[in-house]
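J.: any chance you could fold what I've pasted below:
(chains A and B)
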Amino acid sequence: MSNDATLSRRGLLMKIGMLFNGLVATALTVPIVGFLLSSVTRGRASAYLSWVSLGSVKGFPEGETRLATFRNPYVTPTDGKTADTACWVRRIEGDRFQVFAVNCAHLGCPVRWFPQSGLFMCPCHGGAYYRDGSRASGPPERGLFEYPYQVQNGLLTIQAGELPTPGASAALVKGKPPCA
Amino acid sequence: MRLIARIGEWFDFRLQLAAPIRDVAEHPVPRNTASWWYVFGSAALVVFMLQLVTGILLALIYVPSAGQAWSSLQALNHDVTLGWFIRAMHGWGSNFMVAIVLIHMTQVFLFGAYKFPRELTWILGVFLLLMTLGMAFSGQVLRFDQDAYWGLGIGASIASRVPVAGPAVVKLMLGGPIIAGATLSRFFALHVFVIPGMLIGFVCLHLLMVVKLGINEWPAPGRMVRRATYLRDYHTLTTQEGAPFVPYAVWKDMFFAAFVLLAVAACALWFGPFGPTGEPDPTIIQTVPKPDYFFLWLYALLSLLPPSLETPALLIGPVIVILALLLLPFLSGEGEKSWRRRPIAVLTVLLLAVTLGTFTRLAEFAPWSPHMNAWSGDPVPDQFLRRSTALERQGALVFQVKQCRNCHALADGGGERGPALDSVAVRLTQDQLIRQVIQGGGNMPAYGKNLSPAETTALVAFLLTLHPAGQAPARDASRDAVDTEVRRRTARAP
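T.: Numbering: from 1, shown residues only, chains lettered A, B, ... in the order given. Reported below is the predicted structural model:
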C-alpha cells in the first residue's frame, strides 16, 4: 500500500481476510480451551466425588487400623490398576471410624502403619503421624487427610474420588483438622 | 563419481542449498575458539539427536496407557530384541543430555558469552535448559512404574500449593481427579510432541544465532565488551585472524560428540536400562519412591527446608532462579568477559555446584527417611547385650518392637532420621531419656500413649547401657543427694 489515506481494493480484501481469520481463530479458541480445561471444569462442585464402599464393618476389628482398597468412582478405560486406591481404616469402636488417605500430607508418598508403635511413617521425608492421624513429627504441616465416612446396613462407605493434596481446598474433611 | 556429482547438481539446481550450507560451514571463527572448551553445545545437539532416534524406536513398542505402559516396558526389556539396549541408550542419553546442557551453560556463563550481542542466544538457551529438564521429568513419568506414580503425586502435591488456583492446577496436570490413564496420556503428549517440537524449533533458532552472530571469542582478560565497538572488533578478529569453522574447529566437535555417543553406549551396555521398578499399583504401598538423579537435590531440599519455608521456596524459588537467568544478559551485557576478572561469577558457579552436589550426595542415602524394615531386619548388635540384665534385654526388645530402630542407628545399622544412639547415655540422663521417650520433641514423636510404664522402664534401662566402655554415663548431680538419702533410709529400715 502506497498511502494510508487511500485504500486499494486488494488492501481492503487483505484486511478483511486478516479480520476473518482472526474471528475464526477466536471462535476456535473456545472449544480448544474448553477441551484443555475439561479436567478442571468438570471437577467443579465436587463432581468427581461419590460414596464408595469399603466392605462390611466386620472386616475392621475394633481398636485396629487396617489397609483397605477401593476402585476410584471416576475411571477411564485406560486407567488399569491406577484407579485402585488404598486407604487406612481405623475402627475406634462401634460405628466410630477414621478413614485416612495413604498419601502423606507433606508430598503425597504412601504412609505405612506400624501398630506396635502406633505410628504412621512416611518413607520419603520422614513424616510421622499418631494413630488418630494427627501430626507427630517431620515435615508435614498437618495431620493425615481423612475421608468422610458413613456406616449403613453394616457397610462402611467413604466419600472419595480425588487425589488428596496439601493445597488449600483439597482437605477432604473441612473444618477441624484431625489433630484438634 | 561424475554421476554422483551430476545427481548432486540436479538436486542443488532445484534446492539451492549447497551455497548457504558452504557459507555456514566455512564461516570464519576466531582461531582460539577451536578449543576443547567449545565442544559442549554441539555434543548436546548430538545427544538430542540420539534421543530423537531412540525415542522414536521406543515409541514403536511403548503403549502410553496406564494399564499397559508398564507391561510394554517389560516387553521392551525382555522380549523385544535389543529393546533393553534402546531403552538403556535413551535413559543414559537423557542423563548425559542434562549433564552436557548444564556443562555447556556453565562454560557459556564463565566465558561471558551471554553478553552483547548474544543476549537472545542465552535466553533461548535458558528455555532449552528448562525444556531439557521438562523432558527429563516427563520421561521419568513415561517409565510408568512406582517411582513415576508417586513422583507424580509429589508433583501434584507441590502444584496444589499454588495459592487459589492450586486444586485447578492439579487437575490440569493430572488430566482428572487422580493419577491415572489421562495423566500418562498427557505426559506422553508433552514428552513426544509438545516439548520436542518446541526443542527442535528453539535449537534451530539458537544455532541460527550462533552462526549469524558468530561464536563467542576466547575471552581475554581486560578486553571489554562495548556495544559501540564490539561488532567491529569481532569482525576484525574473524576476518584477519579467523579460520574457517570447517575443518579448522569442527574436528574437535566431531571427536567429542563421537566420544559422548560411545560413552552413552558404554553406560547402556554396562549398566543396562533404568527400571521399570514395581508395577504402578497405588494399593502397593511398600515402596520408597525416589526421583532420578537430576532431581535428587530437590528431594533433599524438600526434606531439609523448615516446613514454613517449603511452600514459598517451592513456588517463588524457581521463578527467581529463572528470572535471574533471563535477566543476566541485561544486567551484565557489557564489560569483562574473562572468568579471571569475574570472581563473583566463578564463586557463584562454585557455590551452586557445591550446593547441588551436596544435596545430591545427601539424597543418595537420604538420612531423613526412616528405614522402614530396620526394626525387624537389623538385630541389636551383640556388643550392646553382653553382660546385660534381664530388664535391659527386655528394653532392647522394646527398642526393636516399637520401631525405634527405624529412625535410630546402633553400630551404623538402622535409620538416620534421629541421632545414632550408640552413646546416648553419655548425652542424656535417666530423667531426660524418660522425658524424651514419653513426650518426644525435637522431631521425635511422643511414645507416652504407646508404651506401658514397664516398657518405658525397660527401654530406658537399655538406653542407659549405651555408652562407650570407660566413659561414664551422664548423671544428674541434683539426683545424687536424693539417691543417697533414699539408699540410707532403705538401709536403715528394719
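J.: for the rest of this, base every contact and every neighbour count on C-alpha atoms.
T.: OK.
J.: contact partners for residue A:135?
T.: Counting by Cα atoms under 8 Å, 6 or more residues apart in numbering or on different chains, residue A:135 makes contact with A:128, A:129, A:141, A:142, A:143, A:144, A:179.
J.: residues contacting residue A:33?
T.: Neighbours of residue A:33 in contact, by Cα under 8 Å, 6+ apart: none.
J.: next SSE downstream of the helix or strand harbouring it?
T.: Using DSSP states H and E, residue A:33 sits within helix A:9-36. Later in the chain than helix A:9-36, the nearest helix or strand by DSSP H and E is helix A:38-41.
J.: report the buried residues of that following helix.
T.: A:39, A:40, A:41 (16 or more other Cα atoms under 10 Å in any protein chain shown).
J.: same thing with stretch B:164-183?
T.: Quick answer for stretch B:164-183 (16+ other Cα under 10 Å): B:166-183.
J.: of those residues, which ones also sit close to chain A?
T.: B:166-169, B:171-172, B:175-182 (Cα under 8 Å from any Cα of the partner chain).
J.: domain ranges for chain A?
T.: As given by automatic domain parsing, the domain ranges for chain A are A:9-36, A:48-166.
J.: and the last one, average pLDDT?
T.: Looking back up the chat, that one is domain A:48-166. Averaging pLDDT along domain A:48-166 gives 92.
J.: what's the end-to-end length of stretch B:138-151?
T.: End-to-end distance of stretch B:138-151 (Cα to Cα, to the nearest Å): 10 Å.
J.: could I get the average pLDDT for that stretch?
T.: pLDDT averaged over stretch B:138-151 gives 93.
J.: tell me the residue of chain A that sits nearest chain B?
T.: With Cα to the nearest Cα as the measure, residue A:80 is the residue of chain A nearest to chain B, at 3.7 Å.
J.: which ones are touching that residue?
T.: B:66, B:67, B:68, B:180, B:181.
J.: can you lay out those residues as TSV showing pLDDT and secondary structure?
T.: TSV is the format used below for the contacts of residue A:80 (pLDDT from 0 to 100; DSSP: H, G, I helix; E, B strand; the rest coil):
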residue	pLDDT	secondary structure
B:66	94	coil
B:67	92	coil
B:68	94	coil
B:180	94	coil
B:181	94	helix
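J.: reformat the residues you listed as a markdown table; add distance to residue B:363.
T.: Formatted as a markdown table, the contacts of residue A:80 follow (distance: Cα to Cα, whole Å):
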| residue | distance to residue B:363 |
| --- | --- |
| B:66 | 28 |
| B:67 | 31 |
| B:68 | 31 |
| B:180 | 28 |
| B:181 | 30 |
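J.: of those, which pair is most distant in space?
T.: With Cα to Cα as the measure, no two of those lie farther apart than B:68 and B:180, at 11.7 Å.
J.: would you list every one of the strands in chain B?
T.: For chain B, the strands defined by DSSP state E occupy B:28-30, B:242-244.
J.: what count of nearby residues applies to residue 8?
T.: Using chain A here. Neighbour count of residue A:8, defined by other Cα atoms under 10 Å in any protein chain shown: 13.
J.: oops, I was thinking of chain B
T.: Close neighbours of residue B:8, defined as other Cα under 10 Å, add up to 12.
J.: can you read off the pLDDT for it?
T.: pLDDT, read off for residue B:8, is 93.
J.: with the one 4 residues further on instead?
T.: Looking at residue B:12, its pLDDT stands at 94.
J.: please work out which of the domains of chain A is packed deepest.
T.: domain A:48-166 (a mean of 21; mean count of other Cα atoms under 10 Å in any protein chain shown).
J.: who's residue A:110 bridged to?
T.: residue A:103 (DSSP bridges).
J.: pull the contacting residues for it.
T.: A:102, A:103, A:104, A:122, A:123, B:285, B:287.
J.: just residue A:90 next, same as before
T.: A:60, A:62, A:63, A:64, A:65, A:66, A:97, A:98, A:99, A:100.
J.: how about the secondary structure of it?
T.: Here residue A:90 is recorded as strand under DSSP: H, G, I helix; E, B strand; the rest coil.
J.: mind listing what residue B:227 touches?
T.: B:116, B:117, B:334.
J.: quick one on the thing from earlier: how about the residue of chain A closest to chain B, phi and psi?
T.: phi 60, psi -140 (degrees, to the nearest 10).
J.: roughly how far does it sit from residue B:351?
T.: With Cα to Cα as the criterion, residue A:80 and residue B:351 are 45 Å apart.
J.: same thing with residue A:115?
T.: The gap separating residue A:115 from residue B:351 is 45 Å, by Cα to Cα.
J.: please name the spatially closest residue to residue B:67 (chain neighbours excluded).
T.: Nearest residue to residue B:67, sequence neighbours excluded (Cα to Cα, 6 or more residues apart in numbering or on different chains): residue A:80, at 3.7 Å.
J.: just to revisit the earlier point, can you select the buried ones from the contacts of residue B:227 in PyMOL?
T.: Of the contacts of residue B:227, the buried ones can be selected in PyMOL as follows, counting by 16+ other Cα under 10 Å:
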select buried, chain B and resi 116+117+334
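J.: make a markdown table from the contacts of residue B:227 and add distance to residue B:405 and pLDDT to it.
T.: Shown next, in a markdown table, are these (distance: Cα to Cα, whole Å; pLDDT from 0 to 100):
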| residue | distance to residue B:405 | pLDDT |
| --- | --- | --- |
| B:116 | 59 | 93 |
| B:117 | 60 | 94 |
| B:334 | 58 | 92 |
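J.: any idea which of the contacts of residue B:227 is closest to chain A?
T.: Nearest member of the contacts of residue B:227 to chain A, counting by Cα to the nearest Cα, is residue B:117, at 34.1 Å.
J.: work out the gap between the helix or strand of chain B with the lowest mean pLDDT and the centre of the chain.
T.: One helix or strand of chain B scores below all others by mean pLDDT, DSSP states H and E: helix B:477-492, with a mean of 79. Centroid separation for helix B:477-492 versus its chain: 59 Å, with Cα atoms, centre = their mean, to the nearest Å.
J.: cool, stretch B:30-41 as well?
T.: The chain centre lies 28 Å from the centre of stretch B:30-41; the measure is Cα atoms, centre = their mean.
J.: tell me the mean pLDDT over that stretch?
T.: For stretch B:30-41, mean pLDDT rounds to 91.
J.: local confidence estimate at residue A:2?
T.: On the pLDDT scale, residue A:2 gets 50.
J.: returning to that earlier point: and chain B, which of the buried residues of helix A:38-41 contact it?
T.: Checking those against chain B (Cα under 8 Å from any Cα), the matches are A:39, A:40.
J.: including pLDDT and distance to residue B:318, could the buried residues of helix A:38-41 go into TSV?
T.: Compiled in TSV, the buried residues of helix A:38-41 are given as follows (pLDDT from 0 to 100; distance: Cα to Cα, whole Å):
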residue	pLDDT	distance to residue B:318
A:39	89	26
A:40	88	24
A:41	86	28
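J.: distance to residue A:86 added to the buried residues of helix A:38-41, as a markdown table?
T.: Shown next, in a markdown table, are these (distance: Cα to Cα, whole Å):
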| residue | distance to residue A:86 |
| --- | --- |
| A:39 | 23 |
| A:40 | 24 |
| A:41 | 26 |
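J.: if we can go back for a sec, got TSV for the contacts of residue A:110, with distance to residue B:108 too?
T.: Shown next, in TSV, are those (distance: Cα to Cα, whole Å):
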residue	distance to residue B:108
A:102	46
A:103	42
A:104	41
A:122	42
A:123	40
B:285	45
B:287	41
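J.: closest to residue A:134 out of these?
T.: Nearest to residue A:134 among these, with distances taken as Cα to Cα, is residue A:104, at 11.5 Å.
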